[in-house]
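Q: would you be able to build a 3D model of this:
(one chain, ligands or ions: 2)
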Amino acid sequence: MALQGALRRMVPGLGCGQVAQSVSRFRMGNDQTTVGLSNDATVNQIQEIISDNCVVIFSKTTCSYCRMAKKLFESINVNYTAVELDMNTNGSQIQDILEQMTGGRTVPRVFVNGSFVGGATDTQRLHEEGKLLPLIHQCQVKSETRSAT
Ligand SMILES: N[C@@H](CCC(=O)N[C@@H](CS)C(=O)NCC(=O)O)C(=O)O
Ligand code: FES
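A: Ligands and ions are numbered 1, 2, ... in the order given. Just a heads-up that it's a prediction; the model follows:
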């Protein structure tokens with residue numbers, strides 16, 4: 001699928017700033033300029049957020065599973081960027097695109113180091129299997145490589 005190809009081709013993310021206490025939140029499309037974005041523009045916006053941030057959670061403010069995913073990252077002191085789809089003018093468009101990219105439209109949709117890792121239970125399982133922190137560590141390796149060059 002074209003979108004999956006596009007996701008794989010993404011440039012590595014810029015600094016991810018994990019292992020910090022504060023939680024960064026990013027809202028897309030809440031201002032006038034981004035209302036009614038074309039599909040391509042929204043795809044680009046999504047890809048930019050995913051490549052610029054080590055951990056991205058596409059979420060809804062009312063969703064307990066989303067809360068669970070956020071709490072998991074908070075418990076391991078890892079910063080995340082939450083995109084709250086229910087606070088966003090383009091929320092359902094973003095959800096449609098995420099479905100094309102990942103094969104599902106449920107929230108949360110969690111991305112680490114540019115790759116989709118699953119929903120809340122998938123992310124929790126990954127952590128229990130000891131596989132989540134190594135993925136997060138990959139973002140640090142990337143940002144260290146970048147700053148060394
Ligand atoms: N096992 C999934 C469950 C995700 C799920 O069922 N999400 C529901 C809300 S809790 C959903 O996205 N429903 C469709 C919607 O809100 O658009 C996970 O842990 O993330
Ligand atoms: S837990 Fe109900 S909306 Fe996610």
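
Q: using PDB, list the CA coordinates for the lengthiest helix in the chain.
A: Counting residues, the longest helix found in the chain (DSSP state H) is helix 132-148. The C-alpha coordinates for helix 132-148 follow below in PDB (Å, rounded to 0.1, in the frame of the first residue of the first chain):
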ATOM      1  CA  LEU A 132       9.700  -1.400  24.300                       C
ATOM      2  CA  LEU A 133      12.700   0.300  25.900                       C
ATOM      3  CA  PRO A 134      15.100  -1.000  23.300                       C
ATOM      4  CA  LEU A 135      12.900   0.600  20.600                       C
ATOM      5  CA  ILE A 136      12.900   3.900  22.500                       C
ATOM      6  CA  HIS A 137      16.600   3.600  22.900                       C
ATOM      7  CA  GLN A 138      16.900   3.500  19.100                       C
ATOM      8  CA  CYS A 139      15.600   7.100  19.000                       C
ATOM      9  CA  GLN A 140      18.400   8.100  21.300                       C
ATOM     10  CA  VAL A 141      21.000   6.400  19.200                       C
ATOM     11  CA  LYS A 142      19.700   8.200  16.200                       C
ATOM     12  CA  SER A 143      19.700  11.600  17.800                       C
ATOM     13  CA  GLU A 144      23.300  11.000  19.200                       C
ATOM     14  CA  THR A 145      24.400  10.000  15.700                       C
ATOM     15  CA  ARG A 146      22.900  13.200  14.300                       C
ATOM     16  CA  SER A 147      24.600  15.500  16.900                       C
ATOM     17  CA  ALA A 148      27.900  13.800  16.300                       C
END
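
Q: who does it touch, helix- and strand-wise?
A: strand 109-112, strand 115-118, helix 120-128 (3 or more Cβ pairs under 8 Å, 6 or more residues apart in numbering; DSSP states H and E). Where you see a C-beta, it was placed from the backbone N, CA and C, and this is true even at glycine.

Q: OK, contacts around Thr149?
A: Thr149 is in contact with no residue at all, counting by Cβ atoms under 8 Å, 6 or more residues apart in numbering.

Q: next one: Asp122
A: Here Asp122 is in contact with Val110 (Cβ under 8 Å, 6+ apart).

Q: any idea how far it is from Leu132?
A: 10 Å (Cβ to Cβ, to the nearest Å).
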